[in-house]
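>>> Prediction below, plus the sequence it came from.
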Amino acid sequence: MKPIHIFFVLVSIFVLIMFSGCKKNKQEKTDAIIEKLNLIQEYKMKYAYTLDLVTDETVDRSSVSEIEKKITETEISHRISSAFIDVFSDAEIQQIYRFTQTSAFDKFFNPDFLHYAISSYFSDIEQDISRLRESAEYTHEHNSGYVVQRENGFYEIEYSAHTNFDNEIVLQDLPSLPIQDISQAAKIFCDYNNRFEISIQFTKEGTEKLHTLTKRNVGKPIVLVLANIIVFQPIVSSPISSGLLRVGGDFSETEINTMLQLLLEKNH
């Protein structure tokens, strides 16, 4: 094939690609935006976790099944899409869609990429705070707030005849559930207490570890350690088999954002 012919073929392919993108209708663009924002998984995690909390042996299984039908990915996508179409005009959907196709969008909504870039400009503050933590006995008001030299993750408490929760908490050396077993984590708003929480979805392996950890500690606390501080110490009410867990309490939105960043730092 002659070079001139190759040139025209390439131009034709480029034009076809450009026009195929322009021919997307409002619904298709809305679906693309929702997928880019990962909204389907966020709402699926939210309601699956809430449903898991209220489901036990006494709950009518048929009612649970009816709710489960309403939180499939297809159903959630349809509901979110309807909300978008109600709120945004055709021109606004087009503007949002164009933004989602840019590299700026990918950078802005990539928590790891943006967080690491910003963090590099705060390294001196991190070092100052780290020195304060090393010299302090307690640095956090929520839950126990103990300073511990442990990697990020969920831990079991070591019990003995001398365990005194008013004075000390002794953790195992390694987390029973490290943050590397987290598949997804997102900030959500809890209507129940009007506060932000973190919804966590674990990997398949992490789900098994969570079930083992909670089954072994029913009626006992487990702890979440982040940045060498015990930030969360819930009492396990029953084994969790869904692989979903929420971190919440009397935390400000800023504190939730900080904890979420630490949970997403898989190599921290």
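Yep, that arrived.
>>> how many other residues sit next to Gly249?
By the measure other Cβ atoms under 10 Å, the count of residues near Gly249 is 16. Backbone N, C-alpha and C define where each C-beta goes, glycine included.
>>> Double-check it against Leu224; I have them as touching.
No - the criterion here is Cβ atoms under 8 Å, and Gly249 misses it with Leu224 at 10.7 Å.
>>> so where's the stretch 101-250 of the chain uncertain?
Applying pLDDT under 70 to the stretch 101-250 of the chain flags the ranges 110-116, 126, 129-146, 159-168.
>>> follow-up on the earlier one: where do the contact lists of Gly249 and Leu224 overlap?
Residues touching both Gly249 and Leu224 (Cβ atoms under 8 Å, 6 or more residues apart in numbering): Phe232.
>>> so Ile230 is in which element?
strand 229-232 (DSSP states H and E).
>>> Could I get the CA-only coordinates of that strand as CSV?
Output of strand 229-232 as CSV, limited to C-alpha atoms (Å, rounded to 0.1, in the frame of the first residue of the first chain):
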residue,chain,number,x,y,z
ILE,A,229,-2.4,5.0,66.9
ILE,A,230,-5.4,2.9,67.9
VAL,A,231,-8.1,4.9,66.2
PHE,A,232,-11.0,2.4,66.3
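>>> Can you name the next helix or strand after that strand?
Helices and strands here follow DSSP H and E; after strand 229-232, the next one along the chain is strand 244-247.
>>> I'd like the next helix or strand past the host helix or strand of Ser63.
Taking DSSP H and E as the criterion, Ser63 maps to helix 61-70. Elements were assigned by DSSP H and E; along the chain past helix 61-70, the next helix or strand is helix 73-87.
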